Each structure stands twice: as structure tokens, then as C-alpha cells.
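Novice: Here is a sequence together with a model predicted from it:
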Amino acid sequence: MQQQALKVRSPETQVSSDPTAAVAMIVPSIRMLDRGAWDACFPGEIETYDYLLAVEEAGIDGFEWRYAIMREGDEIVAAMPAFLCRYALETTLEAGRFRRTVEGIRRIFSGFLTLRLACLGSPCTETASIGFHPDIAQARRPKLFAELLDAFEAHARMEGCSLTALKDLPHPIPSGLEPVLAARGYAEIGGLPTACLDIGFDTIDAYFAALSSATRKDMRRKLRSRQEVRIEYRKDFDDLLPRVMQLYRETRERSGLQFEELTPAYFDGVLKGMPGRSFCAMYFVGDELLAANLLIHDKDRLIDKFFCMDGQKGRSHNLYYLSWCSNLEYCLNHGIGRYQSGQAYYRNKVRLGSRLTANAMYFRHSNPLLQFALKMMSPLFAADDGGEVTA
């Protein structure tokens, strides 16, 4: 891939002699951007420049990475990560008759319901933050976002992408930005919500006391096997990475929702690229590794990026529930106020005290007739794990 930026000057810049006026750029590698300038647009974000670099260099099959920015002079004033891929529309469908029908048709017509997609956001981040430099006034942000979106749409056309989207924007999206999407004809579709648990307790016993009596009793029963399990917190994988990948692949196969397939370089890259902000909790019974949990954090929030487990042996030791309590204990021991447990399996997470915050996807097809058809069909393709949004 050529390391070359596509520049798109805004109408304002075209008629302005001001050398600091906004310029839109789409670049194919985050290495082409300054780390500090990028991260300044995402204050409070954990999935920073270093995390996105680990994703970019992980060799995840089927994805081309992009970074959309608005620059004024030497400053990045607005930014979003992005990607290009071939997207099968049934990706968000749970296993069932309709999904099997689509997959059956695709065995005959390989391109059925598969589109070239240009998407703002990332398949590997929790949500799609629209980043702005803190000095940019709220009143200016819709215009900068509109110019950034125009540049990305132009790049999508150049790359032959018929479908443009924004993935997992947290709701409500910032004031003034939704009209920008509506004016360009984007349709909204529900995304997978985010599960968070606020650490409003001082001990695990106090946490249990806040659960329903049935859940509390169930959790205490599940944790009886804790003495049989050894937990290690590691900053690198060393020779255990092949076993972790085996557990990851087995866990992924059991999942009903699949998009990207992570690589050993992703897991290794996150730990090596985010020292002091990432670790892996490993769960052993005897000398056998039965589960691994990749986590990233700052001083305020712990994010569970991926939990992978031996399906049979892990369940017999209730390792999912043990890892849940271990992560809460980590938050208590390090003064972290929120545990973010990722997407999917919401009913269980709500039962364990989490609240759900809504996310949405926005999409637009270049063909108005196909856009109308996709909009009518969109409820079929909405990502839904059966959880109810509670916040």
C-alpha cells in the first residue's frame, strides 16, 4: 500500500488566503500522523494512537486502514479512524434460518448481499469517537465534521466503495452532528450497546449485596471452585501465545456474531504497544491454561477486550464468572471506577449489575434505490444480542 495521503480542501479553504484554514486528509497509516496531535483530539479515550497502531499492524485479513483528519496548520482539529472492507450484510445476524438462507445463496452467487464498504470507526474499538481538539468550540464542530465526512465520502468513491457508514456512534451523538448525517441521507440502524458497571462499592461482598438474592446465591455457588484456579496477571504472552490463540479461535467459533478475526500480532501488539495500560489475566487449573482475558485501562476505566476460554473445562470451573469478579477486584485494588465488559451476552451482564448504553450505525448507499431498499431491510440486519438498553 502506498503511504500517500489524499488531500481534500474544504470550500472555505479554496477561497481563503489563510494558511491555517482547515484541510481534510485521508491517510493510510497512523504512523503518518503525530501521536500527541492525534491523542489530543480524544481526551479520556483509552483506545488511543498506540492501540490503533497495534490494530493496524496486526495483519487482520480483509481490512484496509484509513485515518480521516481535519488539519489547521500543524494541529489536527478533528479526527476519526476508518477502514475499508468487503462487507457481508448478514454479519450482524444471529445464527438461524435467514442467515443460513443468505449463506446458501452466496454459495451460488458469491457477491450476494456483499458490498464494498468504507466505514468511519474501527472494527476493533469499543465505539466510534468523533475526535475534536479541545480548543475547538462546540459551534465549529458540526462544520468540521461535515468537511471531514465530505472528504471521506470522496475517498470512498475513489476506492470503489458503494456503501459508506459510521460504526457504533454512542448515543446521544454530540449536539449538531446528527443533522450533518441526516442532510447527507444517512440512515440509522441499531448497533450493539456497551455494557458498563460502575464500581460504587468497596468490596466484592458489598457488590454481591447489591445483586438480586437469586443472582447473589448463584454467584457464590459458581465461585466455590475458585481455590482450584490459579490466576496470573501478565504483561506479555511469551510461549503461551499459541495456547491463547487456540482458546480465542474456539471461543470465536462459539460466537454467533463474527466480523474481524484477530491475529497473534494483535494480542501481542496490544500488550507490547500499551505498556502500563494493558495486561492479560490468565486462568490455570494445574498447569493447563483454560482461559485468557485481554484488558486495557487507564486510571478511571477497565475495558475487557476479549475473554477466551476452553468451552468444556472452563465452564466446569465457572471461569467466566470468576474472571468477572477478578476484574471487579482489580478495579477495587487500583481505584478504577468503571468496568466496561464489551459487547454481546447482555442479559447476563445486566443480571450482574451492568447498565447498557446505546450505540448506532449510520449508512448510505451511493445508489438511491438501493439505499431505500437497505433502509427498509435494516431492521433485519440490526445488531441485537437480546439485551435491553438501560441507560
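Specialist: Yes, it's here. Numbers count the residues shown, from 1 in each chain.
Novice: ok, the closest residue to residue 226 other than its chain neighbours - contacts?
Specialist: Counting by Cβ to Cβ, 6 or more residues apart in numbering, residue 322 is the residue found nearest to residue 226 once chain neighbours are left out, at 5.9 Å. Where you see a C-beta, it was placed from the backbone N, CA and C, and this is true even at glycine. Neighbouring residues of residue 322 by Cβ atoms under 8 Å, 6 or more residues apart in numbering: 222, 223, 225, 226, 229, 231, 283.
Novice: What is the burial count for the last one?
Specialist: The tally of other residues near residue 283 (other Cβ atoms under 10 Å) stands at 25.
Novice: C-terminal to whichever strand or helix holds it, what's the next element?
Specialist: Using DSSP states H and E, the element containing residue 283 is strand 278-285. Counting by DSSP H and E, the next helix or strand C-terminal to strand 278-285 is strand 288-297.
Novice: and that following strand, which strands flank it?
Specialist: strand 278-285 (antiparallel), strand 301-309 (antiparallel) (DSSP bridges).
Novice: Distance from the chain centre to the longest helix along the chain, please.
Specialist: Ordering each helix of the chain by length in residues (DSSP state H) puts helix 141-158 first. On the basis of Cα atoms, centre = their mean, to the nearest Å, helix 141-158 sits 21 Å off its chain's mean C-alpha point.
Novice: Okay, now the unreliable bits of the protein?
Specialist: 1-20, 89-113, 256-258, 378-391 (pLDDT under 70).
Novice: quick one, domains of it?
Specialist: As given by automatic domain parsing, the domain ranges for the chain are 6-193+358-381, 195-356.
Novice: Start and end of the last one, how far apart?
Specialist: So that's domain 195-356. 5 Å (Cα to Cα, to the nearest Å).
Novice: And that domain, how far out from the chain middle?
Specialist: 17 Å.
Novice: quick one: contacts for the nearest residue to residue 228 once chain neighbours are set aside?
Specialist: The spatially closest residue to residue 228, leaving aside those adjacent along the chain, is residue 285, at 5.9 Å (Cβ to Cβ, 6+ apart). Applying Cβ under 8 Å, 6+ apart, one finds that residue 285 lies in contact with 228, 229, 230, 313, 317.
Novice: Compute the number of surrounding residues for the second one.
Specialist: Applying other Cβ under 10 Å, we find 20 residues neighbouring residue 229.
Novice: you'd agree it is up against residue 317?
Specialist: Yes. With contact defined as Cβ atoms under 8 Å, residue 229 counts as touching residue 317 (5.8 Å).
Novice: shared neighbours, those two?
Specialist: 283, 285.
Novice: Paired strands for the longest strand along the chain, with orientation please.
Specialist: Secondary structure of the chain per DSSP state E: the longest strand is strand 75-88. Sheet pairing of strand 75-88 (DSSP bridges) gives strand 64-72 (antiparallel), strand 114-120 (antiparallel), strand 131-132 (antiparallel).
Novice: Now render the ones you listed as JSON lines, adding distance to residue 342.
Specialist: As requested, the strands paired with strand 75-88 are exported to JSON lines (distance: least, Cβ to Cβ, whole Å):
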{"stretch": "strand 64-72", "distance to residue 342": "22"}
{"stretch": "strand 114-120", "distance to residue 342": "19"}
{"stretch": "strand 131-132", "distance to residue 342": "22"}
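Novice: circling back to that earlier point, between the strands paired with strand 288-297, which one is nearest to residue 21?
Specialist: Relative to residue 21, the nearest member of the strands paired with strand 288-297 by Cβ to Cβ is strand 301-309, separated by 36.2 Å.
Novice: Heading C-terminal from the closest one, find the next helix or strand.
Specialist: Downstream of strand 301-309, the first helix or strand assigned by DSSP H and E is helix 311-316.
Novice: can you give me the angle whichever strand or helix holds residue 246 makes with strand 288-297?
Specialist: Using DSSP H and E, residue 246 sits within helix 241-254. For helix 241-254 against strand 288-297, the angle by axes from the mean of the first three to the mean of the last three Cα atoms, to 10 degrees is 80 degrees.
Novice: when you give positions from now on, start the count at 55
Specialist: Okay, using 55 as the starting number, the last item reads as helix 295-308.
Novice: now what about the helix or strand following helix 295-308, what contacts it?
Specialist: Where DSSP H and E defines the elements, the next helix or strand beyond helix 295-308 is helix 318-327. Under the criterion Cβ under 8 Å, 6+ apart, residues 104-105, 107-109, 111-114, 178, 288-291, 295-296, 298-299, 302, 332-334, 348, 350, 359 lie in contact with helix 318-327.
Novice: just to revisit the earlier point, let me have the strands paired with strand 342-351 in CSV, extended by distance to residue 262.
Specialist: Shown next, in CSV, are the strands paired with strand 342-351 (distance: least, Cβ to Cβ, whole Å):
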stretch, distance to residue 262
strand 332-339, 20
strand 355-363, 19
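Novice: Of all the ones you listed, which one is nearest residue 263?
Specialist: Using Cβ to Cβ, the nearest of these to residue 263 is strand 355-363, at 21.4 Å.
Novice: returning to what we had before: return the set of buried residues in the helix holding residue 300.
Specialist: 295, 297, 298, 299, 301, 302, 305 (16 or more other Cβ atoms under 10 Å).
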